[in-house]
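K.L.:
Have a look; sequence and predicted model below, questions after that.
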Number of protein chains: 2
Amino acid sequence: MHQGIATVSLSGRLVDKLPAIAAAGFDGLELFDNDLIASALTPQEVAARCADLGLSIDLFQPVRDVEGVAPDRFAAVEHRFRAKLAVMGQLGATTVLCCSNALPDAVDDADLSAEQLHRLGDLAAEAGITIAYEALAWGRHVHRVGQAWDLVQRADHPAVTLAVDTFHLLSRGDGPQALAGVPGERIGFLQVADAPVLEMGLLEWSRHHRCFPGQGALDVAGVVAAVLEAGYRGPLSLEVFSDLVREAAPAVTARDAKRSLVFLEDQLTARLPATCPAREVVTLAPPAPARVDPAFVELAASPGADVERLLEALGFVAAGRHRSKPVTLWRNGAAHVVLSPAPPQAQATGGVTAIGLVAPPVHSVAQRAEALLWPTVQTTRAHGEAVLPGLGAPSGLHVLLSDRPGEPDHWRGDFEDLPPGGTGGQEAGGAHGAGWVGLDHLAVAVAPDLLLQEVSFHRTLLGLEPGPTEEFFEPHGRLRSRALRPAAGTLRLVLNAPETAAGAPRRRGVTQLAYAVPDVRAQAVRLRENGVPLMPVPDNYYTDLGARFALPDDDLADLRAHGLLYDRDTNGGELLHLYTAVLATGFHVELLERRGGYAGYGGASTHVRLAAQA
Amino acid sequence: MHQGIATVSLSGRLVDKLPAIAAAGFDGLELFDNDLIASALTPQEVAARCADLGLSIDLFQPVRDVEGVAPDRFAAVEHRFRAKLAVMGQLGATTVLCCSNALPDAVDDADLSAEQLHRLGDLAAEAGITIAYEALAWGRHVHRVGQAWDLVQRADHPAVTLAVDTFHLLSRGDGPQALAGVPGERIGFLQVADAPVLEMGLLEWSRHHRCFPGQGALDVAGVVAAVLEAGYRGPLSLEVFSDLVREAAPAVTARDAKRSLVFLEDQLTARLPATCPAREVVTLAPPAPARVDPAFVELAASPGADVERLLEALGFVAAGRHRSKPVTLWRNGAAHVVLSPAPPQAQATGGVTAIGLVAPPVHSVAQRAEALLWPTVQTTRAHGEAVLPGLGAPSGLHVLLSDRPGEPDHWRGDFEDLPPGGTGGQEAGGAHGAGWVGLDHLAVAVAPDLLLQEVSFHRTLLGLEPGPTEEFFEPHGRLRSRALRPAAGTLRLVLNAPETAAGAPRRRGVTQLAYAVPDVRAQAVRLRENGVPLMPVPDNYYTDLGARFALPDDDLADLRAHGLLYDRDTNGGELLHLYTAVLATGFHVELLERRGGYAGYGGASTHVRLAAQA
């Protein structure tokens, strides 16, 4: 499809926005009037720049408050509209966005509004221009797409068409069905934006919290599919504004934006009926993995931390040596750690430089990443070694894709086994029971302005589904958190965006490695014996636990004696867990036992952990 | 009154909060349960620390979801409540805050809730403790103070009283009259918080945007006055949480908080009937000034900027020399600038180090500042010179208070007149008409986390009334802006909080000096002649102006020729204005003509200025 973006979606001056839009590969743009007004470029110069950059000016926007105007003031609207049509003539733009009247004195009279739209249609037609009329979600009387379509029909003018904006439509609680019966040739423009579901005023929500498709929670694809089914074949154009985007560099935003349209088109095929002719115009990306399971984490053997000794103390044993690199494989039961020489970015990612995921088929998923513009990471390999495509997440974390165990491109095949007990500490599963069950989840901390991008990475590329945003308070700020899981597979990822005081220490990258263990009490004993520093749990925590759960005294005393945290869900599922202190590697380790289907992350005690770590 | 604050209102760990609360001069505190749970201090140790610091523990809070509970689950509530009563015994606290049930499964049955409150009242009474029951604004069924009072009456237990929280009460649209008929002895606790009026969900509003009295827009004083009139004589206790406070240092917040209670008490006297006995327990601060007028701005003669040459180019003449300091007075008509040697903080305040205000009686206003804990600034003076109390605003700007012209402490008396034309450029009011009319307004930029404090400074100390928050978008972020004016007097102050990308340049302190002039066209000519760099106005701006206002072609051409900006309000009032470029002093100068009662600041063209200055 012809892909565009509104200049208001990017920060900077108009002169900076145009090349950024072109560089990201867009076909066209919507020119925001205020961007033009504040620019030293004449309309003709803007038109020439766009032409040079291969960008069409798909829309001039907006002209506000054009209908529902008291008749004695309509002459001023005509004057204003004519002046903007003249500017559009200089720009060579042929579609103008007109918004429903949002002024307090707007007149609630559909016949009057239709008559005024018809009159503006005459003016537009004389200039060879088409009006796309949009219901602003906060319009005074016209605020739903059905009302706008009613007015467009009443206006009954070939130059007056309907504008569909996914945010305005969906934020009012309408869905794709609101477009039933609207013929595609009467839809003059399609603007797309996503947003998280927030309980706030529509104007505030729209101005500060829009985001790109794939970053929010609205059914953008459903509305776009309905517009295409109706026969619309015009531009697919983004109009997103938010506090985050306003502060981001235009080139970064433009790339994010382009990526979101690739993802949106990819989603559309699934939303369009098999016989819909629109399927031919949308592009399908290579498929997301069928399932996603954690394989290993890669740690940097940074000089400052004796990582080998730490791994031994945690109960890992050296189990393999890479065939061609100075890399060793450590194992504790089914938990795997790959220890590599420290790369320059080790500090930024808190000791964990990469996570390995079994996400077959790896070739196709790597191609999907490329189609979605996610950057790839160089992973050199020798003859006969597995292909492990590497992808750079916005957090800086590297995601390495592995094939299924047993397949040629499974990561495990790159390691030669070491003899048991030959290097490293005692074999896991010795005196203290079996080895670990495996990686339960990873927590990744990102800067607040990267959270949407990080969510988008995992969602668009790997098909992980983000849960709701949770919020925790910590001594020096707050933490927004979203857990992600795949439709199939055992990966659990928790993305955290801490917003803390300027001076407070900030951990970024993987901050927590959480492993499932068969007996967390036994592990608590073992870690203490091995000298691993554990997070101290305040005595008051156990008093509160006793108040909340009415645990038998013996059980409470046992939790206290072992320094374990506890949670119980409404179905009786239980979580027993402990945290190490923050280790020299920058992360802490959580060991946990989930019982009876407990699916959460122990959020009720998160404030205790955050206080202990502050 | 006995003044307190909830520990949840401060950032940090409990162990850091207690001394911060004591140092700010509070009498007591509300202990937030989660603060205790996460603390390594035992309840007894907390009690001992508070005693050492001279702080009473006025409230333990909160115990949630205690009523409206399905009968088969009430035993768990009793268990939980008993456990918390035991903790309170160790703390020596005798009032507990219980909140209305906010769980989705809360039972809507007033008889059941009353019966459960009565039962909890029995348990509390056994422990010598009183329940203060609060209607959370987002309670499932009980969310207004009238409902809570109804339940307290139905519970009919001496140990079950009503908690009043100004935020919960006011955010639901109730006012002081909601407390009509509630006897003061049945009010067990009073929590106070202010907030700006925001269109968002109550929980989000409460958690992220509460502020201290005097910083928001709720009628906090009205509710507190009603509670005192009813006969309540317990603590006046702050419970404020917001993203800003969470990131601020606890000592800073505690001082802000204490100040807000001083201000609140000061307001109360005016709200209480003359015969109300409560007037005796509230403290009245020395009065705010009767009127506030601008007197002068003080510029730093920083070595990097040839300020004298700039002043001459702007049409100022050297008009006076300070009797005892190396300070000169410059004048353009009725606009006055005091030029002083650059102090160390000159850079931080963008060239303007102080503003002088005529705000009589200066002695009393200075005492008011002291009572409100606003820091004073040393202003040395010689014998016979005026007393100019100096106050440090949160922005870093110094505010110097002067007496009325002609009075002994008027600032002008400290200067000896210089002979006309003796120093400096040509006399203002020469070839280009009369000198300037005077200072119209000042724009002061503060960091976003200081905006509330800065508003509070001018509001609580000088009695300026803040207007609504306006928002403007600029190329690298956004700008929140509030204009303040006194009830009497001509001072206009615009406080701006720019939120821009990390790398974008940031101006702080006085960024704009706006002067009223008799003929802005003549001034435009003069400034150009004198080589003062003016802000370029894009040609597209005039095209848009023509579209919006249907100005006669000649008028539009004249504005364009002079490089003037224009605005018109709905009553036909007009603003003609121009901006200089940002000068070497860090600020820009605006010259303006207000016609026909125009009272705004030309906000419609602010985006053009911000783009030109980016």
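P.N.:
Noted; the coordinates are in hand. Bear in mind the structure is a predicted one, so any value in this text is a computation, not a measurement.
K.L.:
is it true that residue A:334 touches residue A:412?
P.N.:
No: judged on C-beta atoms under 8 Å, residue A:334 makes no contact with residue A:412 at a distance of 11.8 Å. No exception for glycine: its C-beta is placed from N, CA and C like everyone else's.
K.L.:
and those two? which has more neighbours close in?
P.N.:
Legend: neighbour count by other C-beta atoms under 10 Å in any protein chain shown for residue A:334 and residue A:412, higher for residue A:412 (18 against 14).
K.L.:
what about that one, which SS state?
P.N.:
helix (DSSP: H, G, I helix; E, B strand; the rest coil).
K.L.:
Kindly state the pLDDT recorded for it?
P.N.:
Looking at residue A:412, its pLDDT is 94.
K.L.:
Next up, the contacts around it.
P.N.:
A:320, A:405 (C-beta atoms under 8 Å, 6 or more residues apart in numbering or on different chains).
K.L.:
tell me the mean pLDDT for stretch A:383-393?
P.N.:
90.
K.L.:
List the residues that contact residue A:231.
P.N.:
Per C-beta under 8 Å, 6+ apart, neighbours of residue A:231: A:183-185, A:278.
K.L.:
Can you pull the residues of the stretch 401-550 of chain A lying near chain B?
P.N.:
Selection of the stretch 401-550 of chain A residues close to chain B by C-beta under 8 Å from any C-beta of the partner chain yields A:471, A:473, A:475-478, A:499-502, A:504, A:536, A:538-541, A:543-544, A:546-548, A:550.
K.L.:
Now that we have the residues you listed, which of them are buried?
P.N.:
Of the members of those, the ones counted as buried by neighbours, 16 or more other C-beta atoms under 10 Å in any protein chain shown, are A:473, A:475-478, A:499-501, A:538, A:540-541, A:543-544, A:546-548.
K.L.:
Which ones among those map onto helices?
P.N.:
Among these, DSSP state H puts A:540-541, A:543-544, A:546-548 in helices.
K.L.:
Would you mind giving the residues you listed as TSV with pLDDT added?
P.N.:
Formatted as TSV, those follow (pLDDT from 0 to 100):
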residue	pLDDT
A:540	98
A:541	98
A:543	97
A:544	98
A:546	96
A:547	97
A:548	96
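K.L.:
Show me which of those residues is closest to chain B.
P.N.:
Nearest to chain B, judged by C-beta to the nearest C-beta, of these is residue A:547 at 3.4 Å.
K.L.:
Quickly list the domain ranges of chain A.
P.N.:
Here the domain parsing of chain A from automatic domain parsing is A:3-280, A:293-613.
K.L.:
Most tightly packed of those domains?
P.N.:
Mean neighbours per residue, mean count of other C-beta atoms under 10 Å in any protein chain shown, is largest over the domains of chain A for domain A:3-280, with a mean of 20.
K.L.:
Quote the end-to-end distance of that one.
P.N.:
Domain A:3-280 has an end-to-end distance of 15 Å (C-alpha to C-alpha, to the nearest Å).
K.L.:
what does stretch A:26-45 give?
P.N.:
20 Å.
K.L.:
which one is residue A:398 nearest to, not counting chain neighbours?
P.N.:
residue A:354 (3.8 Å; C-beta to C-beta, 6 or more residues apart in numbering or on different chains).
K.L.:
can you tell me the average pLDDT over the helix or strand hosting the one you found?
P.N.:
Element membership for residue A:354, per DSSP states H and E: strand A:352-358. For strand A:352-358, mean pLDDT rounds to 94.
K.L.:
Run me through the strand neighbours of that strand, direction for each.
P.N.:
Here strand A:352-358 is paired, per DSSP bridges, with strand A:293-301 (antiparallel), strand A:398-402 (parallel).
K.L.:
Kindly spell out which helices and strands sit in contact with the next helix-or-strand element following that strand.
P.N.:
Later in the chain than strand A:352-358, the nearest helix or strand by DSSP H and E is helix A:362-371. Helix A:362-371 is packed against strand A:376-377, strand A:398-402, helix A:451-462, with contacts defined by 3 or more C-beta pairs under 8 Å, 6 or more residues apart in numbering or on different chains; DSSP states H and E.
K.L.:
cutoff 10 Å now
P.N.:
helix A:250-271, strand A:376-377, strand A:390-392, strand A:398-402, helix A:451-462 (3 or more C-beta pairs under 10 Å, 6 or more residues apart in numbering or on different chains; DSSP states H and E).
K.L.:
lowest-confidence stretch among those?
P.N.:
Comparing mean pLDDT across the helices and strands packed on helix A:362-371, the lowest value falls on strand A:376-377: a mean of 86.
K.L.:
Could you list the paired strands of that one along with their orientation?
P.N.:
In the sheet, strand A:376-377 lines up against strand A:390-392 (antiparallel) (DSSP bridges).
K.L.:
chain center to the strand it pairs with: distance?
P.N.:
Offset of strand A:390-392 from its chain centre (C-alpha atoms, centre = their mean, to the nearest Å): 16 Å.
K.L.:
For it, which outside residues touch it?
P.N.:
A:345, A:354, A:356-357, A:365-366, A:368-370, A:372, A:374-379, A:397-401, A:457, A:461-462 (C-beta atoms under 10 Å, 6 or more residues apart in numbering or on different chains).
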